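Need the 3D shape of this:
(chains A, B and C)
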Amino acid sequence: MIAQNIAFGILAASSVLAAIRMVTTKNVVHAALYLVVVLGSVAANYILLAAEFVAVVQLLVYIGAIVVLFLFGVMLTRAKLGHEGELDNDQRGLAAVTALLILGILGYVLVDYFGDDKLPQLNRTHEQLNATRGTGAVGNAIFSTYLIPFEVVSVLLLAALVGAIVLARRD
Amino acid sequence: MTAALLFAQVEKVATPKLDWAATAPLLILCGAALLLLLISSLTTSRPARGTYAVITVLASAFAIGTAGVLWARVTDAERGAFTTAAGALTVDGFSVFFIVVISLGIALSALLADDYLRRENLDGPELYVLMLLSGAGGIVMAMANDLIVVFLGLETLSIALYVMAGFNRRRAESRESAMKYFVLGAFSSAFLLYGIAFIYGATGSTNLGDIAGFLNANTLEHTGLLLGGFALLLVGFGFKASAVPFHVWTPDVYQGAPTPVTAFMASASKAAAFAALLRVFVSTFAEYRLDWQPLIWGIAVLTLVVGSVLAIVQTDVKRMMAYSSISHAGFILVGVQAATAQGVSAALFYVLSYTFMIVGTFGVATLVSGKGDEHHGLEAYRGLSRRRPGLALTFTVFLLAQAGVPLTSGFLAKFYVIGAAVDAHSYALALIAMLSSVVSAFLYLRIVVAMYMTDEEGAEPGPRVRVPLGAGVALGLAVAFTVVVGILPQQVVHWADRAIPVVLASGR
Amino acid sequence: MNVPEWWYLVLSAVLFSLGALGLLIRRNPLVMFMCVELMLNAVNLTFVTFSRSLNDIGGQVVVFFVLVVAAAEVTVGLGIIVSILRRKPGTTADDLSLLKG
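Predicted structure coming up:
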């Protein structure tokens, strides 16, 4: 499956490059558009990982809703559309060190983990395995094992709704 | 025909059994939030003064009542703790204890908010709605038997709190504190979530019961992923509990947020963070105690030292109390670090007494600050004993309790956590805790001195202080608890002893 | 031979660190906030990868909940940002300095 490896390489490169551009660009709208590229590549990665439904939802919700919200935010706050001088704050060096530290720790943990493949092997029969794949399985899981999280999410959305109204109201 | 075919193929999802009694406290709080929204949108005239606050307090009281029923059920030897909804929620003494603590936090903060909102001309049901939903999120965290449920509870708690911090829209400080809290909160919850992903990868499940079962049954050869997960989870919980070094938001947000909201943040939100920390680390990861105890040890030492030392150099009373709340978090962490039943029970006792102390403290600050929520400097407290002797005495009780003076609940709380640390052979930590409590005693005495021993000759008298009914009730309750439990702690200790978290297999 | 799983995990660690870096160095609140979204997305990728290698659907389901949380955070966060910037256009995170002790 060389094709998959190549696809992964392209996707990984594009998402990392776009993420770097997003972090460094001096233009807010460009940052939002680079975010779209990252999110799109991650969605494509989901397809490679055989999680098609997640990929579709990622496209719909993240790119369709969240990025649009960001663009609205740019509009409403009248952020300067062109180049903004000095977008970075003064602690570049410190921040870079911190980020490298985080990456180092995460990288070490992941490499240590793959010293041998110590993934917990859940003993499953063929039938049970089939029940863990596909969109149907996602639906079943949401309404059985994950029923309480599903309900909590509704409370969370209610809180966000009330909160947004409180914040948006004019005095 | 196609329709018939479609229906024939529909497989019914096997929805899990839900124990309605177990979820009743949550349903009551969320129901009350919806009721408040309905009342405010259906009534055309403004409802009578205090209607919203009374509904909020009643809802919390009902939640506590149902918690009492649950308590009888889980402490019954024959029935005991159980999980519900496919192992997503645990009902044990621990969850019931935190239902009570968080509901108390909601009720007391709502009583403080009632007059505050009228004073600041912000009347309306929204703050109460957010408080109830936020509290429900906190209770979800305390009951959660699944890391994802913990995360969602934490997010519900936080999202409502971000808005509450910025609730006083006219004050620039309030808006700014919302912004800071929001950015740092979102940052820390990303870390928490990454930690959950690591634990999931290392153990194959997010369910606490399954994780504990897996860790008991298997010995991991490579624990890197698991330990990385511990560290990332600690970032997330440490942020909410305002433990050093994840505390940077605390002084700013406590200072900028409306004072009744600060009271809620310091009581209910902190309690929820410790609930999750205790259940996830002390009971679920008990097997790996030796790996995470040093981490908590370090955080506890930093929190104790930074909290008590930096509190002294502040001039704003709200900021002082923010740092003192950081040092209290350090004391609770001392109990967590012991990782014994005694340590947990001491931490629970501390959380409950601290809830009353801190709500009382910020309650007095709400009243003294006056219209505009402005007078928080130490000078506003000068000569308070002459203007308002009762209020000054009340505040003195809370400050002495925070300092850990005998005959208050604060003394016993500190005594129990330090005792637990000594019994767990953490002598150095116990010593540091004692020293830091001596250092911070200076801070509390400074405020007491300002209230009592300033001669007002020539000094400008501070603003007039009113004590409205709601706040008066809240302060009275808090003082009563602090003193009565300080003298007769047996019953509360007995409850705390029976509220040790248990981890049950999900049974699915 | 499929793409080795650890490639995905390393990719997500890199994206997560870039998000953290961005949040620390940028001053525009909107961009800081995009960086949080990037971090959450990196975590989602980790979850889906583990879900695949563990043969467990849980990791995929979690992604939906994270999506909802991210959307709710964006709504509230933009509300806060707009309420600040509406009064003072061009505010950056460094200008938030009323609260200092």
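
When you work out contacts or count neighbours from here on, use the C-alpha atoms and nothing else.
Will do.

what packs against the host helix or strand of residue B:358?
Under the criterion of DSSP states H and E, residue B:358 resides in helix B:341-369. Packing contacts for helix B:341-369, counted by 3 or more CA pairs under 8 Å, 6 or more residues apart in numbering or on different chains; DSSP states H and E, involve helix B:93-119, helix B:259-264, helix B:317-338, helix B:389-403, helix B:409-423, helix B:469-487, helix B:490-497.

now these in TSV, with mean pLDDT and distance to residue B:189?
Below are the helices and strands packed on helix B:341-369 laid out as TSV (pLDDT from 0 to 100; distance: least, CA to CA, whole Å):
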stretch	mean pLDDT	distance to residue B:189
helix B:93-119	93	21
helix B:259-264	94	20
helix B:317-338	92	19
helix B:389-403	91	30
helix B:409-423	93	28
helix B:469-487	92	32
helix B:490-497	88	29
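
check which helix or strand covers residue C:79.
Short version: residue C:79 belongs to helix C:58-85, going by DSSP H and E.

What residues of that helix count as buried?
Going by neighbour count (16 or more other CA atoms under 10 Å in any protein chain shown), the buried part of helix C:58-85 is C:58-85.

Within reach of chain B, which of those are there?
Restricting the buried residues of helix C:58-85 to those touching chain B (CA under 8 Å from any CA of the partner chain) yields C:58, C:62, C:65, C:69, C:72, C:73, C:76, C:77, C:80, C:81, C:83, C:84.

My read is that the second one contacts residue C:50, right?
No: taking contacts as CA atoms under 8 Å, residue C:62 lies outside contact range of residue C:50: 11.4 Å.

So for stretch B:26-34, what gets flagged as buried?
B:26, B:27, B:28, B:29, B:30, B:31, B:32, B:33.

can you pull the contacts of the first one?
What that stands for is residue B:26. B:63, B:136, B:139, B:140 (CA atoms under 8 Å, 6 or more residues apart in numbering or on different chains).

Ok, residue A:143 next?
For residue A:143, the contacting residues are A:150, B:13, B:14, B:15, by CA under 8 Å, 6+ apart.

tell me which element the last one is part of?
Residue B:15 belongs to no helix or strand when elements are defined using DSSP H and E.

Dihedrals phi and psi, it?
phi -70, psi 140 (degrees, to the nearest 10).

What count of nearby residues applies to the residue nearest to it when sequence neighbours are not counted?
Distance criterion CA to CA, 6 or more residues apart in numbering or on different chains; nearest residue to residue B:15, sequence neighbours excluded, is residue A:144 at 4.7 Å. A total of 18 residues lie near residue A:144 under the criterion other CA atoms under 10 Å in any protein chain shown.

next one: residue B:494
Neighbour tally, residue B:494, other CA under 10 Å: 12.

what's the spacing between it and chain C?
39 Å (CA to the nearest CA, to the nearest Å).

Residue B:328 too?
20 Å.

show me where pLDDT drops low in chain A?
Where chain A drops to pLDDT under 70, the residues are A:1, A:78-92, A:111-132, A:170-171.

Give me the most central residue, it.
residue A:39 (6.3 Å; CA atoms, centre = their mean).

re the thing from before, now, which of the buried residues of stretch B:26-34 sits nearest residue A:107?
residue B:26 (40.3 Å; CA to CA).

Let me know the average pLDDT across whatever helix or strand the closest one lives in.
Element membership of residue B:26 [criterion: DSSP H and E] is helix B:20-42. On average, the pLDDT along helix B:20-42 is 92.

correct me, but residue B:353 touches residue B:412?
No: using CA under 8 Å, residue B:353 is not in contact with residue B:412; the gap is 9.2 Å.

Including distance to residue B:295, could the buried residues of stretch B:26-34 go into TSV?
What follows is the buried residues of stretch B:26-34, written out as TSV (distance: CA to CA, whole Å):
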residue	distance to residue B:295
B:26	33
B:27	37
B:28	38
B:29	35
B:30	36
B:31	40
B:32	40
B:33	39
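
so which of the residues you listed comes closest to chain A?
Nearest to chain A among those: residue B:30, at 7.6 Å, using CA to the nearest CA.

Residue 8: neighbour count?
Just going to use chain A. Neighbours around residue A:8, by other CA under 10 Å: 19.

looking at chain C here, not the other one
23.

Not counting sequence-adjacent ones, nearest residue to it?
Closest to residue C:8 by CA to CA, 6+ apart is residue C:49, at 6.8 Å.

That neighbour is in what secondary structure piece?
Here residue C:49, judged by DSSP H and E, is contained in helix C:29-54.

next one: residue B:90
If you go by DSSP H and E, residue B:90 is part of strand B:89-91.
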